[in-house]
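1. Quick one, fold the following:
(chains A and B, ligands or ions: 2)
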Amino acid sequence: MKRKESESSTKKKKDAVLNDLREFGGELYGQMEKGKFPWVEMPSRSTENIYYSPDVRQYILGEKSVKRHARNIRHIKPFTQMVWAGFFASELVKNRKTSTLRDVYYSAQAYEMTFKDQPESNNILTDLETATGFAREDFNVFPEERSALFGDLTIEYTVPGYEGKQLNMTSHPDGVMIGPSVVSAEFAKTGCDKVIAIEKGGLFTRFIEERVHEKFNALLVLTAGQAPRATRHFLNRLNTELDLPVYIFTDGDPWGMHIAMVIISGSANAAHLRGLTTPDAKWGGVYATDIVDYKLPTDPLTDVDIKRLHELEKDPRYTGDLWKREIKTFLKIKKKAEQEAFSRYGLTYIVDEYLPAKLEEMSAD
Amino acid sequence: MVTFQEISPADFFYRNRDIAGFTNPSRAIFVSIRELVENSLDSADQMSVPPEVYVRLTEEDASTTTESGNGVYRLLIMDNGSGIAARHIPSAFGQVLFGSNYKLKQARGTFGLGGTMAILYGQITTHKPVLVKSSTGGSKVYEFKMMIDIQRNRPLILDRKTRRNKENWRGTIVEYSLEGDYYRAMSKILEYLKQTALLTPYADIKFVDPKGRLYMFNRVTTKMPPPPTETLTHPYGVDVETLQRIIRVTESRNLLDFMRKHFHRVGQGTSLSFLDFAGFIRTPDPKRLKPEAVARLVETNNKSKKFRKFFGRITEEQIKVGLKKAKSQDMIAFLKSIFPNVDRTIILRLLASSGLVRTKNPKKLKPPEIVKLVRMMKQYTDFLPPDASCLSPLGEDLLRAGILKELKPEFIAVSQRKPSTYAGHPFIVETAIAYGGDIPKKDDIVVYRFANKIPLLYDEASDVSIRVIRSINWRRYKVASGMPIAILVHLCSTKVPYKTVGKEFIADRPEVKVEILNGIREVARRLQTFLAKREHVAKEKKRLSVFAKYLPKIAQFSTDLAGKTEAPDIELLLKSVRKYETEGK
Ligand SMILES: Nc1ncnc2c1ncn2[C@@H]1O[C@H](COP(=O)(O)OP(=O)(O)OP(=O)(O)O)[C@@H](O)[C@H]1O
Ligand SMILES: [Mg+2]
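-> Numbering: from 1, shown residues only, chains lettered A, B, ... in the order given. Ligands and ions are numbered 1, 2, ... in the order given. As a prediction, this is how the structure comes out:
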């Protein structure tokens, strides 16, 4: 059994977050004490300052920065909102409470800081992320959960009331939701040697039923479509803290392909953050070439699908040979297939034939 | 066979009472009050006493209600004006086109029609006589009970009383019955009185309506605009009818004198030049010039420094030698041939001074000559423009006082334009613009129109002021729809270019239009400054409130975040925002 490697990574993170927020407040405080209008400088998130970095293997922000100055009539409101968000985040972390983006939006009203709408409030939180370098999940702000995991991983909770309690992730046959308590938990131990991330709930359930976790010694993660940031961060932790390789299985279409890519290389929207990507994760299919090789039942590509493929062709993240080959094949065969398509060969075919073949193929390179 | 029938002016207006504004029962009651109030204000203005006008309208008992179903009212108007001399009372109120306002000076009344028409209307709707009491402040008060003989345009005196004027009262009371519809006219009447009060801030006006309600419009000042001086007619404003009327009364024996005596700003020089231009000057034939005449000419010149400047010293010899060779038939051309460098007007003057210019006796002018003279007056371009002493504009101070009193605006700008003329009639335009206070917020700007201090309430759309206002791009002046803005235009003239006898709207005269436009632009610019400043202040207030709202919050949250206990002092920062801004603008 593999033991966790890093010492209490969530505890360390919490301290770092609190420390950073305190410094942030201290800086503004100092400026005002000197009789100056407070200001902050942070990297610009405008599109012309977002670059793909082959080194870091994700999108990053460039050199450009923006200054938000309380002296400026157009800045002072968002500036105040950002300071408030920092204050709110530090309260959450200190008191070990979680909340959602929606909560943040409403909580502001208690401080007469009413946001115009949800996007304005979301945007301010992104500002705080940019200024501090921490993701909102680090501030205990979580999205609605929809992803889940199942497999032989024992976690130790850090949330209030559960501190020190351990739970094995096979304890519930439907899987365990990747919510705030899972995300903030420490990894106690695991018997898995790989992670299999799956796009669709149907297949996730099939894999549990077919005991894929045992047969392949795998931790199963349901992304439920595009993986939420908390899940992407969780996958990163499994990969870096427990050294588990991550394999991703999606539908065979440009959208599935991109779900895998965002787990691997992240999105432009998160260029200001680190730790949300798993550059060594691998996409296992369904490939366009699988559609051909396995003679899967297909649907024709729609215009939107084709347009999306052309966009991906130009996307700097899609430079690897595999990606290039698959995009080309999709465009050639003009067909797509869902993961469930393997059922034409029987319900267990995917587990018995396809999965072993794929895992072998991927661990080889 | 066609029959011709002469009708009297009273009969004419009786048949055409629409022209004078008595269109229907509600309009008639409004016009009646208006005409009589105006007469009262005119008479007080003339005396330079601040007017006091009392108007009372009562419903007569129901049994007198007319067949048409409208009410019968009794109208009483009392003033502290000049009063009317006893011998004029019957004509002033019993004869159409009799008035004291034919002379040239600005007054509200012009046609000699208004008051009499109102009484005439009362008579034809109720068949009752009018009661007039008046005193010029002397020892007697005169009372007349009379009716109008419509066919003959003559007053019919029913009763006449003379009383001792114990209280030294001066003024006039007119009382009579008329048919009308007060309740439909009410809003117009009140609006009329309010606007009258606005433009006559030195008047006290009281009105008791049929319900017994008292409306008081109190004066805010006893200062009155300087009274207008009477002036002569300007040649540009003369028509054949007027010229004939003047000829009928003149004592002048020749046109040269006639022009000088009866026309505004016409002196000896202008009179000569004009008559020369018009072809009404005769000079003797040089060949038949008598030696005495030559001597007189030479002497006139040599004795006058002014003439010597042009002709030098002249000797009789010089003229006589010239006469021998003379070809021309008249003295002007003859002198011009000897003194080619001397101006024709100077030659004319010398001849006139020497008694060598002859002009016709105006009474002997034949009709075609009269027509020609009028036409030439319009064509001659060198008449001096009329001066405006015959006008009585309100003046910027009174205008401001009036508007402040009736509208209580937040902002006001007034302007009096320089005098100008159209067709020989002097006029002055006064404009004002006001913002806020009691002015209603409407989509359109509220417009108050006045002519010779009379509010014009009907036919607004046809009025020149409205056209001018509509032609202006108000957004340039920062005026937006829905703002509480009122514009006032007051036109003063010896002849207001009304389109109708009803005195309701002013025709489009280019000269008048330009003055109105410039006047409105001038006050609009000042409004713009005000609105811009207001906007700036509002913006600044909002700006400061933004800082005042957020800066303390930043301080508080930063303090909490930093784990400090005491928030930093931000008073100075807030103060700096204020200071910076006032310096910036
Ligand atoms: N209240 C009054 N006090 C003194 N004189 C008056 C009064 N009312 C009328 N008059 C005299 O009677 C004349 C006739 O009045 P009327 O209203 O008929 O004509 P108007 O005022 O001259 O011209 P308009 O037709 O424009 O009103 C006036 O010119 C004036 O001399
Ligand atoms: Mg009158």
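
2. Scan chain B for its longest helix.
-> Counting by DSSP state H, the longest helix found in chain B is helix B:510-562.

3. For burial, what's the neighbour tally of residue 139?
-> Using chain A here. For A:Phe139, the count of nearby residues is 25 (other C-beta atoms under 10 Å in any protein chain shown). Every C-beta, even on glycine, is put in place using the N, C-alpha and C of the backbone.

4. Chain B is the one I meant
-> By other C-beta under 10 Å, 11 other residues sit near B:Ser139.

5. can you give me the strands in chain B?
-> For chain B, the strands defined by DSSP state E cover B:52-59, B:71-79, B:130-136, B:140-149, B:154-164, B:170-180, B:204-208, B:214-217, B:411-416, B:420-422, B:425-435, B:446-451, B:454-456, B:485-493.

6. What is the burial count for residue 261?
-> Chain wasn't specified; assuming chain A. Here the count is done by other C-beta under 10 Å, and A:Met261 has 23 residues near it.

7. ah, I was thinking of chain B
-> Look at B:Lys261: counted by other C-beta under 10 Å, it has 14 neighbours.

8. what separates it from A:Phe207, distance-wise?
-> Counting by C-beta to C-beta, to the nearest Å, the gap between B:Lys261 and A:Phe207 amounts to 124 Å.

9. Could you do A:Asn168 as well?
-> Applying C-beta to C-beta to A:Asn168 and A:Phe207 gives a distance of 17 Å.

10. Give me the more crowded residue out of the two.
-> Each of A:Asn168 and A:Phe207 has its neighbours counted (other C-beta under 10 Å); A:Phe207 has more, 25 against 16.

11. you'd agree the more buried one is in a helix?
-> Yes. A:Phe207: assigned to a helix according to DSSP: H, G, I helix; E, B strand; the rest coil.

12. Identify the residues contacting it.
-> A:196, A:198, A:213, A:220, A:351 (C-beta atoms under 8 Å, 6 or more residues apart in numbering or on different chains).

13. same check, this time on B:Leu572
-> Applying C-beta under 8 Å, 6+ apart, we find B:Leu572 in contact with A:Gly35.

14. Surely A:Ser44 and A:Lys64 touch.
-> Yes. Contact criterion C-beta atoms under 8 Å: A:Ser44 and A:Lys64 qualify, at 4.1 Å.

15. what about the strands in the stretch 51-200 of chain A?
-> A:58-61, A:65-69, A:99-100, A:141-142, A:148-150, A:153-156, A:166-168, A:176-177, A:186-190, A:194-198 (DSSP state E, counting those that start in this stretch).

16. Looking at strand pairing, list the partners for A:Val246.
-> According to DSSP bridges, the residues that bridge with A:Val246 are A:Val195.

17. right, and it touches A:Asn239 too?
-> Yes. Taking contacts as C-beta under 8 Å, A:Val246 lies within contact range of A:Asn239: 5.3 Å.

18. Of the two, which one has the most company?
-> A:Val246 (23 against 19).

19. Nearest to chain B within the stretch 1-150 of chain A, name that residue for me.
-> A:Gly25 (2.4 Å; C-beta to the nearest C-beta).
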